[in-house]
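Q: Sharing a model prediction with you, sequence too.
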Amino acid sequence: MILMPDDTKRIAIASQLTKMQALQTLLITNEQNLLNTVVDTEIRQQLQNMLQDDQKNMGILETVIIQYGVKSNSRKSIQAMIEEIQDSITNPEPTLFEQVFQQELLKHRQTMTGLIIHKAAQIVGTDVEAAIMPLNTINFETRAHQEQLKGILEVLGVRELTGEEPDQGFKARVQDAAAALTGVVGSVVTRVDEEISIRDLLLADHTKSDVLFRELLGTNDPERVQEYFGQLYQDISVHGLAEEQVLYPALRPYYEHMQEIYEQTEEVIQMLDDIKHLDPSEPEFKAQVEQLRVAVRAHIDQEEHDIFPKIKHNFSLEQQQQLATEFKTAKSQLQDQYLQNRS
């Protein structure tokens, strides 16, 4: 029998993604607090821009965590870490310079966590790289924020020591960071709003399943076969059930073949259950995985060819974003159920 995904490396990455989410929350809270303190117009504008970026990046991060599909059990230890950081920031009561300095350190910590996840994904699997790809946007923007905060620190530090304005620093740093940000291109989630559309989410899931099938069918390593199928089983089941809960009911008035789509989803889930009980060392196993791949790809092709245009022409951008929010919520709840069943 195939085991469900519990690979140590994948769970370790999930833990770091949860850590990034907690740090992102703290970064946003700190920026909101700083905006209530800072009176300098130019610095306030920079902080406001950072806050908007970080709120958007929180949405990206939440999408990555759900797309990754592996849950972490380390929330208590992460919460303890966040409380420790908060205590170090507020005790004793910091000056404005010290508050900004702590924020720059947090940005550095967030950047390094994101970069390490990216490097680890290159080792763990191509499907992991595909799932966490949007982190590149967060990593790049957070690194640019560091440079902006260093410029702010130069201004505040010189003011505290001399009461005068520095000759250079803040504006130069801002210009350098802005130039760096122009390199952030190419991601479907590099955008100014906080929620991506339902079509983008579905495409991301489709891409990840293609990668998992390719990796599974291309390896003869029994452990990797177990790992890839376990992830496929969870990802495809969660994706299909979430579509049945959110997407298909919304689209039924606009697509006459919706019952066919429902039946395809149920057929694929049944195929997954049948394969789960096979011995992966037997030739029949990969033959049935290939049949599953063909069925999944046919379903994806029909969805992208028929349903995507229906979404585009019958739902506003706001409605597509709302569908995306509901779809992510459904997926997260289903993933939690898988985690509980595995415990």
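A: Everything's here; your move.
Q: Look up phi and psi at residue 26.
A: phi -70, psi -40 (degrees, to the nearest 10).
Q: That one touches residue 86, doesn't it?
A: Yes - counting by CB atoms under 8 Å, residue 86 is a contact partner of residue 26 at 7.1 Å. Just so you know, the C-beta spots here come from the backbone N, C-alpha and C atoms, and that holds for glycine as well.
Q: between the two, which one's more packed in?
A: residue 26 (18 against 14; other CB atoms under 10 Å).
Q: Quick check: chain neighbours aside, which residue is closest to residue 300?
A: The shortest distance from residue 300 to any non-neighbouring residue, by CB to CB, 6 or more residues apart in numbering, is to residue 206 (4.9 Å).
Q: who's in contact with that neighbour?
A: For residue 206, the contact set (CB atoms under 8 Å, 6 or more residues apart in numbering) comprises 300, 303-304.
Q: and what of residue 30?
A: 89, 99, 102-103, 106.
Q: For residue 301, see how far away the residue nearest to residue 300 is.
A: 10 Å (CB to CB, to the nearest Å).
Q: and residue 219, backbone torsions?
A: Per-residue torsions, residue 219: phi -120, psi 150 (degrees, to the nearest 10).
Q: and it, what does it touch?
A: So, once contact is read as CB under 8 Å, 6+ apart, residue 219 ends up touching 225, 228.
Q: What of the one 10 residues further on?
A: Applying CB under 8 Å, 6+ apart, we find residue 229 in contact with 2, 216, 275-276, 280, 289.
Q: Mind listing what's buried along the helix or strand encompassing it?
A: Per DSSP states H and E, residue 229 falls inside helix 222-242. Neighbour counts using 16 or more other CB atoms under 10 Å place 224-242 of helix 222-242 among the buried residues.
Q: again with stretch 270-287
A: In stretch 270-287, counting by 16+ other CB under 10 Å, buried: 271-272, 275, 278, 280, 285-286.
Q: any idea how far residue 201 is from the residue positioned nearest the centre of the chain?
A: The residue lying closest to the centre of the chain (CA atoms, centre = their mean) is residue 64, at 1.4 Å. Between residue 64 and residue 201 the distance is 11 Å, computed by CB to CB.
Q: quick revisit: out of the contacts of residue 206, name the ones that lie in helices.
A: residue 300 (DSSP state H).
Q: Over to residue 282: give its phi and psi.
A: Dihedral angles for residue 282 - degrees, to the nearest 10 - are phi -80, psi 140.
Q: by contact count, what packs against the following helix or strand past the helix holding residue 229?
A: Per DSSP H and E, the first helix or strand lying C-terminal to helix 222-242 is helix 248-251. Contacts defined by 3 or more CB pairs under 8 Å, 6 or more residues apart in numbering; DSSP states H and E place helix 248-251 against helix 258-276, helix 308-314.
Q: pLDDT of the shortest one, averaged?
A: Computed over helix 308-314, the mean pLDDT rounds to 94.
Q: Report the contact partners of residue 122.
A: Contacts of residue 122 by CB under 8 Å, 6+ apart are residue 129.
Q: Point me to the helix or strand that includes it.
A: Assigned by DSSP H and E, residue 122 falls in helix 96-124.
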